[in-house]
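**Q** Quick one, structure for this:
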Amino acid sequence: LCERGDLKKDRPPPVVNLSSQKMGIHEWSYDNDISLDLRYKVPHREMRIALTNIKAEVELGFDEKLAFAEAQRCLNCDVQTVFTDQLCIECDACVDICPVDCITFTQNGPEDELRTRLNAPAHNTSQALYVSGELKTRRVMVKDEDVCLHCGMCAERCPTGAWDMQRFLLDVAQAENSEPCWNLQTA
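**A** Below is the predicted model of the structure:
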């Protein structure tokens, strides 16, 4: 606690913001190439050497090319698909283009029953489903977040802009002064 006040109480709360990544009709500010690659395995030192030399690193690390490929998979993790149900005309263009069949338009219902009616049944119950508000036909759009690649194909194909790719931004207040508060002179 400083003389100027309670640091926790006076600090502004974190700000969460979603920012559209659309730059043009078919342009995004992130790499949205589809890759069905599994996670790359880190090369390991030969077991005989690793067991005889306790100071030898077991994981050798990626070479530059493999490191770049693995990093590309992670750089889009904070890009989210955002669906605006009021803009949707239920043309199913997003369903047709989705490479992993994670989007379904169906009647709403209890979650466990809804999971069985999806284009790709959602068996991972620990991962929430993305369920829209009621659409004009009284159906809902359901997206399985566990399967979604966040490739942006749905947003690119949507004729009304009901789908958008938005980057998650978290802004946390930082101390203005680098000096500890007990070193500051008070007036």
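
**Q** Could you check how far R48 is from A56?
**A** From R48 across to A56, the span is 11 Å (C-beta to C-beta, to the nearest Å). Any C-beta I mention is one placed from the backbone N, CA and C, and that applies to glycine too.

**Q** For those two, indicate the residue with more neighbours.
**A** A count of neighbours by other C-beta atoms under 10 Å puts A56 above the other of R48 and A56, at 12 against 8.

**Q** E70 belongs to a strand?
**A** No. In this structure, E70 is helix, not part of a strand, as judged by DSSP: H, G, I helix; E, B strand; the rest coil.

**Q** And the average pLDDT for the lengthiest strand in the chain is what?
**A** Counting residues, the longest strand in the chain under DSSP state E turns out to be strand 163-171. Mean pLDDT, strand 163-171: 78.

**Q** list the helices and strands it packs on?
**A** strand 15-20, strand 79-83, helix 153-157 (3 or more C-beta pairs under 8 Å, 6 or more residues apart in numbering; DSSP states H and E).

**Q** Can you pull the domain assignment for the chain?
**A** 9-32+76-183, 33-75 (automatic domain parsing).

**Q** which of the ones you listed sits most buried?
**A** Scoring the domains of the chain by mean neighbour count under mean count of other C-beta atoms under 10 Å gives domain 9-32+76-183 as the most buried, with a mean of 14.

**Q** Any stretches of this structure with poor pLDDT?
**A** Scanning the chain for pLDDT under 70 picks out the ranges 1-12, 15-37, 73-78, 169-170, 173-187.

**Q** Please repeat the previous calculation with a cut-off of 90.
**A** 1-43, 45, 47-57, 59-63, 65-82, 120-125, 127-128, 145-153, 155-156, 164-187 (pLDDT under 90).

**Q** That one: helices as residue ranges?
**A** 7-10, 47-52, 64-74, 93-97, 111-114, 153-157 (DSSP state H).

**Q** can I get these in TSV with distance to V172?
**A** Formatted as TSV, the helices of the chain follow (distance: least, C-beta to C-beta, whole Å):
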stretch	distance to V172
helix 7-10	13
helix 47-52	41
helix 64-74	21
helix 93-97	34
helix 111-114	33
helix 153-157	28
